[in-house]
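Colleague: Task: produce atomic coordinates for the following.
(one chain, ligands or ions: 2)
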Amino acid sequence: MSYDLSLLGWHDDLAESLPDLPGGAVPGRVARVDRGAAEVVAAGGTHHARLSARLRRAAAADPLALPCVGDWVALTILDEGRHELAEVLPRRTAFVRGGVSRDSRGGLSGDGQGQVLAANVDVVFVAEPSMHADDFADLGRIERLVALAWESGARPVVLVTKADLFADLQDRVLDDLLADVEAAVPGVEVHPVCSLTGDGVDLVRSHLGASGTAVILGPSGAGKSTLVNALAGAEVMETQRVRAADGRGRHTTVHRQLIPLPGGGLVIDTPGIRRVGLYETSEGVDLVFAEIDELAGGCRFSDCGHGQEPGCAVLAAVESGELPERRLESWRRLQREAAWMARRTDARLRAEETRKWKSIHRQMRGMGRP
Ligand SMILES: Nc1nc2c(ncn2[C@@H]2O[C@H](COP(=O)(O)OP(=O)(O)OP(=O)(O)O)[C@@H](O)[C@H]2O)c(=O)[nH]1
Ligand SMILES: [Zn+2]
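Modeller: Residues are numbered from 1 along each chain as shown. Ligands and ions are numbered 1, 2, ... in the order given. Just a heads-up that it's a prediction; the model follows:
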């Protein structure tokens, strides 16, 4: 099996960064990583390549040096035709977990803590279901994932998935939801998608062009696997429905992590990417500022905003040095965000109210019929 590497996103700039290695270097793209080895798609086929000793030493000092799915790498051919992964080519974009600044994405430096989850991603689809359990799309989650996408260097596009769940309602309700989402992420395209009917799937595909690479972020049940299958035009991913039907856990299934799409473009899907950014919640933040909460018990006014109020115990603590000023600043920023989120929630509650009314009206009309 041979591959046209340009369909996997290979281009001239990358060719220039291919190192001159003794015995010659072959370019390839990492489709999967294992301890100490990787599966690499090269023009001549897919190779299981062990990491070179030099690369392993570099990775011991800085885990960001480890290859990850989506990386372009240089392979060398050893005796007996085995391949070795000699070098990771410079990354254009990278999803990094754990305390590494954006500066590290071009090169391979970090604080020794991070892990690259996916590299050279062009488009990040943030998938948020129009309805999730009994709730509307979660704007806070969309914002968080869009922020992560920008951070990676890739371009975010928000997909409001399972758009058909609004089909039996009047269109206006979905339009309202889309408008809310658009307002939450200014400058980011927002598309409704239904992977079951295929509505909107072509538009999703068009973001990838001939060779763009995408990841899909979103909560469990957002329809990520179903969307990948719709894009691929085949069952390349096991969906929740399938998993439930045959009772197999998803962890027992080995599936491809770099999925080429028939119309061009690729999707990277790994367990790490699926989980990225979904676990930091605002509950965590309350705990983080527990000491301010405690101090606030000593303020003269119970609704003290710790701004200019007389008898403010929090300001007194800053004055005395007990509470670092920076902490109060972060708390203030958080309060502003929380207030903003609350206003958005209000808008959502109003939309939900409208929806309930419509459903009640529908039921009443239904009852009136003979
Ligand atoms: N009504 C409706 N249901 C959908 C749509 N897309 C997916 N689903 C259903 O939603 C459920 C979850 O879909 P998955 O594709 O497995 O979701 P996922 O995001 O991959 O979930 P995880 O693998 O847990 O991360 C399945 O039962 C799908 O059939 C859609 O467009 N409309
Ligand atoms: Zn106060």
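Colleague: now the strands for the stretch 251-370 of the chain?
Modeller: With strands called from DSSP state E, counting those that start in this stretch, the stretch 251-370 of the chain shows them at 258-260, 266-268.
Colleague: Which one of those strands lies nearest to ligand 2?
Modeller: strand 266-268 (47.8 Å; C-beta to the ion). All C-beta atoms are positioned from the backbone trio N, CA, C, and that covers glycine.
Colleague: can you pull the buried residues of that closest one?
Modeller: 266-268 (16 or more other C-beta atoms under 10 Å).
Colleague: and what of stretch 186-205?
Modeller: 188, 190-195, 199-201, 204-205.
Colleague: From the buried residues of strand 266-268, pick the one nearest ligand 1.
Modeller: Each of the buried residues of strand 266-268 was checked against ligand 1 using C-beta to the nearest ligand atom; the closest is residue 267, at 11.8 Å.
Colleague: Which ones among the buried residues of stretch 186-205 map onto strands?
Modeller: Counted as lying in strands by DSSP state E, out of the buried residues of stretch 186-205, are 190-192.
Colleague: Quick check: bridge partners of the residue nearest the centre of the chain?
Modeller: By C-alpha atoms, centre = their mean, the chain has its centre lying nearest to residue 217, at 3.4 Å. Assessed by DSSP bridges, residue 217 has beta-bridge partners residue 126.
Colleague: and ligand 1, which of the buried residues of stretch 186-205 reach it?
Modeller: 194-195 (C-beta under 6 Å from any ligand atom).
Colleague: could I get the buried residues of stretch 186-205 as TSV with distance to ligand 2 and pLDDT?
Modeller: Shown next, in TSV, are these (distance: C-beta to the ion, whole Å; pLDDT from 0 to 100):
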residue	distance to ligand 2	pLDDT
188	37	91
190	40	97
191	45	97
192	45	95
193	47	96
194	50	95
195	50	94
199	52	94
200	49	95
201	53	96
204	49	96
205	54	95
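Colleague: re earlier: just to check, the residue nearest to the centre of the chain is in contact with residue 121?
Modeller: No - in this structure, residue 217 is not within contact of residue 121 by C-beta atoms under 8 Å, at 10.3 Å.
Colleague: Tell me, please, the helix or strand in this structure that averages the lowest pLDDT.
Modeller: helix 282-288 (a mean of 49; mean pLDDT, DSSP states H and E).
Colleague: Any stretches of this structure with poor pLDDT?
Modeller: By pLDDT under 70, the low-scoring segments of the chain are 1-2, 98-114, 134, 167-172, 235-256, 278-289, 334-370.
Colleague: Spell out which residues of it are next to ligand 2.
Modeller: Proximity of the chain to ligand 2 (C-beta under 5 Å from the ion) is limited to residues 299, 304, 306, 312, 314.
Colleague: hmm, 8 Å instead?
Modeller: 295-296, 299-301, 304-307, 309, 311-315 (C-beta under 8 Å from the ion).
Colleague: OK, contacts around the closest residue in space to residue 304 that isn't next to it in sequence?
Modeller: Spatially, and ignoring its direct neighbours in sequence, residue 304 is nearest to residue 312 (5.5 Å; C-beta to C-beta, 6 or more residues apart in numbering). By C-beta atoms under 8 Å, 6 or more residues apart in numbering, the contact set of residue 312 is 299-300, 304, 306.
Colleague: One more: residue 131?
Modeller: 137, 162, 165-166.
Colleague: Tabulate these (CSV), appending secondary structure, neighbour count and distance to residue 8.
Modeller: Shown next, in CSV, are the contacts of residue 131 (DSSP: H, G, I helix; E, B strand; the rest coil; neighbours: other C-beta atoms under 10 Å; distance: C-beta to C-beta, whole Å):
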residue, secondary structure, neighbour count, distance to residue 8
137, coil, 22, 33
162, coil, 24, 30
165, helix, 14, 35
166, helix, 23, 37
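Colleague: Out of these, the closest to ligand 1 would be?
Modeller: Nearest member of the contacts of residue 131 to ligand 1, counting by C-beta to the nearest ligand atom, is residue 162, at 3.9 Å.
Colleague: Next, give phi and psi for that closest one.
Modeller: phi 50, psi 40 (degrees, to the nearest 10).
Colleague: how much space between it and residue 179?
Modeller: 18 Å (C-beta to C-beta, to the nearest Å).
Colleague: One more: residue 157?
Modeller: With C-beta to C-beta as the criterion, residue 157 and residue 179 are 17 Å apart.
Colleague: Settle it for me: which of those two has more neighbours?
Modeller: residue 157 (21 against 13; other C-beta atoms under 10 Å).
Colleague: now the end-to-end length of stretch 258-273.
Modeller: 12 Å (C-alpha to C-alpha, to the nearest Å).
Colleague: Now it: buried residues?
Modeller: 258-261, 265-270, 273.
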